[in-house]
Structure formats: C-alpha cells, structure tokens
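[1] coords below, sequence missing:
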Ligand code: ADP
C-alpha cells in the first residue's frame, strides 16, 4: 500500500493543484492532500473553508482524501505512515524554494522522499495568490479554479453593486 502526501497552503486550491493531485493519485494507492494550518499566517480562507473547497474539487478522484496539519510536515508524515511527499513544480523559480524544503525534510527525516511533478503548460503561471489578485481586480479566472472556489471567491469579494443576500 503506497500512500503519498501532497502538502500545501491551498488558499484556495486551483486547477494547477488539482492537476498535481490527479497525476499523483494515478501513481499511488492513496493520496492525502494536507492543508497546512499556519497559526502565524492568517490567509484568505480559514482551514475549514480550504478543506471544504479541496474536498469538493477532488471529489472525482476516489483515492484522495483531504486532511490538515499543524507544525512540521515530517511529523505529519510519520503520523500518516507515509514516506512520500508530493510537490508541484511550475518554473525554475519554484525550484530553489522546493529544493531547500526537500533538503530540510531530508535532514529531519531521511526515510522520506520528495517527489516532484511538473505542471502542465496551461497551469504554469497559476498560483493561489495570482488567482486572488486577478479576481480582486475584476479579471477573468475562467479555467483557473474549480467552480466551488469561484463561488466562494464571489461570496468573499462580491463585485461592486452585486447584492449577495
Ligand atoms: P505552499 O505554500 O506550500 O507553497 P501552495 O498551496 O502554494 O503551498 O502549493 C503547494 C504545492 O503545489 C507546491 O509544491 C507548489 O509548487 C505546487 N503548485 C502550486 N500551484 C501549482 C500549479 N499551478 N501547478 C503545479 N503545481 C503547483
């Protein structure tokens, strides 16, 4: 039984994240999408909202489940009895940060391996942050986020003049 963990902020989940989850779920028996609960960083959506959006977006993948964790990833990995961390790579700019993170985790837990999955070209410019920014300034985020995320973004940041009641 091969179980992998895909950790991240997922604030909110984008179609780029969904792509990485689909690719990794096809390779492993079970995939845990783990939303990092960071007490230092508030974020746009709270942990329950992020998990709900991720669950909805990944409902079509039967061997995925969504969870959350606080503190060190390696502790969560041990608790989940998984030795495989999945991370997504968009561009060279991701590499440095990801490399550092993977090296640190290797130091902390040598038995754990980090796997990188390269994104699809159409998602290579997508991040949770850029999606929120584009949306905030009234740009189209069509094809960038799952429908449930779009709905919540509209609830959170209603366009001027729109009565959301
Ligand atoms: P973190 O704060 O841990 O970087 P994110 O939610 O931003 O969390 O990202 C989680 C992982 O998903 C990271 O490995 C990131 O590089 C990857 N990722 C984010 N957006 C995309 C995308 N559009 N395509 C592929 N991977 C992505």
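    In hand now; what should we look at? On a predicted model such as this, the values are computed, not experimentally measured, just so you know. Numbering: from 1, shown residues only.
[2] What ranges does this protein have for its helices?
    15-25, 47-57, 73-80, 92-108, 128-136, 147-156 (DSSP state H).
[3] any idea how far the most centrally placed residue in the chain lies from the ligand?
    Nearest to the geometric centre of the chain sits residue 10, at 3.7 Å (Cα atoms, centre = their mean). According to Cβ to the nearest ligand atom, to the nearest Å, residue 10 and the ligand sit 5 Å apart. The way it works is simple: take the backbone N, C-alpha and C, and place the C-beta from them, glycine included.
[4] correct me, but that residue touches residue 128?
    Yes - counting by Cβ atoms under 8 Å, residue 128 is a contact partner of residue 10 at 7.1 Å.
[5] wait, what's in contact with the residue nearest to the centre of the chain?
    Counting by Cβ atoms under 8 Å, 6 or more residues apart in numbering, residue 10 touches 17, 33, 35, 50, 53, 54, 128.
[6] same check, this time on residue 33
    6, 8, 10, 17, 21, 54, 58, 64, 65, 66, 67.
[7] Return the per-residue confidence for residue 164.
    Among the per-residue scores, residue 164 holds a pLDDT of 52.
[8] burial count for residue 49?
    For residue 49, the count of nearby residues is 17 (other Cβ atoms under 10 Å).
[9] Now do the contacts for it.
    With the criterion set at Cβ under 8 Å, 6+ apart, residue 49 makes contact with 12, 152.
[10] mind running it again at 7 Å?
    Each residue near residue 49 by Cβ atoms under 7 Å, 6 or more residues apart in numbering is listed here: residue 152.
[11] re the thing from before, mind checking the helices of the chain for the one nearest to the ligand?
    helix 15-25 (2.0 Å; Cβ to the nearest ligand atom).
[12] Which residue, other than its chain neighbours, is closest to residue 35?
    With sequence-adjacent residues excluded and distances taken as Cβ to Cβ, 6 or more residues apart in numbering, residue 35 is closest to residue 68, at 4.3 Å.
[13] Any figure for the gap between residue 23 and residue 6?
    From residue 23 across to residue 6, the span is 10 Å (Cβ to Cβ, to the nearest Å).
[14] what does the protein have sitting close to the ligand?
    8-10, 14, 16-17, 20, 87-88, 90, 94, 119, 123, 126-128 (Cβ under 6 Å from any ligand atom).
[15] buried subset of those?
    Applying 16 or more other Cβ atoms under 10 Å to the residues of the chain next to the ligand, the neighbour count classes 8-10, 14, 16-17, 20, 87-88, 90, 94, 119, 123, 126, 128 as buried.
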